[in-house]
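> Task: produce atomic coordinates for the following.
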Amino acid sequence: MNGLSRNEIVRLVLCIVACQGAGLLGSIFTNMSVYSWYPALVKPWFTPPDGVIPAVWTLLFTLIGISLFLAWRAGLTLPQFRGAAYAFVAQFAFNILWSAAFFGLRSPLAGLVVIALLWILILLTIYRFYPLSKEAALLLVPYLAWVSFAALLNYSILVLNP
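Numbers count the residues shown, from 1 in each chain. Predicted structure coming up:
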């Protein structure tokens with residue numbers, strides 16, 4: 001990302017801010033239950049300590065924003081950019097929807113269904129970003145790994161709280 005023009009720096013910042021903003025939107029649902037319903041749940045031994053999850057998401061939303069910028073910069077004029085952009089928007093919508101399902105509805109089952117679809121959409125986004133920018137695709141791999149872990153955590157909470 002060396003040698004960025006002023007316009008590219010503005011686009012990079014916009015992509016990161018947009019992704020962080022989408023993350024904040026999801027946190028509205030999280031905040032509805034994170035201090036009331038969620039602490040009362042039985043959680044598996046591998047549940048991260050308080051503060052780790054928001055820190056990881058902040059880092060991931062930054063990486064996702066950089067990924068979006070790289071795909072946008074590499075492929076905005078290419079016909080395959082449209083499919084990549086649709087996949088990106090869909091995965092972000094499901095990211096927010098997971099918070100609404102799990103925390104908003106207080107439903108680990110609904111959360112598990114949504115996170116499974118989210119995982120597929122992230123994989124599709126990686127697949128669509130790769131021809132545009134290998135780096136953009138690779139920056140989404142930690143996101144896929146974290147959502148895989150979150151899916152396991154979600155499943156475990158569902159099993160432990162019938």
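
> If I look at Gly51, what pLDDT would I see?
Confidence at Gly51, expressed as pLDDT, is 89.

> Check Asn2 too.
63.

> what about the helices in the chain?
6-33, 37-40, 52-75, 80-99, 108-129, 134-138, 141-160 (DSSP state H).

> Which stretch among those helices approaches Phe46 most closely?
Nearest to Phe46 among those is helix 141-160; the distance by Cβ to Cβ comes to 7.3 Å. In this view, the C-beta of every residue, glycine as well, is placed from N, C-alpha and C.

> The closest one vs helix 52-75, what angle?
Going by axes from the mean of the first three to the mean of the last three Cα atoms, to 10 degrees, helix 141-160 is angled at 140 degrees with respect to helix 52-75.

> Tell me the buried residues in helix 141-160?
Along helix 141-160, these residues count as buried under the neighbour rule (16 or more other Cβ atoms under 10 Å): Tyr143, Leu144, Trp146, Val147, Ala150, Ala151, Leu153, Asn154, Tyr155, Ser156, Ile157, Leu158.

> I'd assumed Ile122 was in contact with the first one.
Yes - under the criterion of Cβ atoms under 8 Å, Tyr143 is in contact with Ile122, at a separation of 6.0 Å.

> now the helices of the chain in JSON lines, with distance to Phe46?
Listed next are the helices of the chain as JSON lines, based on distance: least, Cβ to Cβ, whole Å:
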{"stretch": "helix 6-33", "distance to Phe46": "19"}
{"stretch": "helix 37-40", "distance to Phe46": "16"}
{"stretch": "helix 52-75", "distance to Phe46": "11"}
{"stretch": "helix 80-99", "distance to Phe46": "19"}
{"stretch": "helix 108-129", "distance to Phe46": "16"}
{"stretch": "helix 134-138", "distance to Phe46": "26"}
{"stretch": "helix 141-160", "distance to Phe46": "7"}
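
> Tell me who's in contact with the most centrally placed residue in the chain.
Residue closest to the average C-alpha location in the chain (Cα atoms, centre = their mean): Asn95, at 5.2 Å. Contact analysis of Asn95 by Cβ atoms under 8 Å, 6 or more residues apart in numbering lists Ala22, Gly23, Gly26, Leu118.
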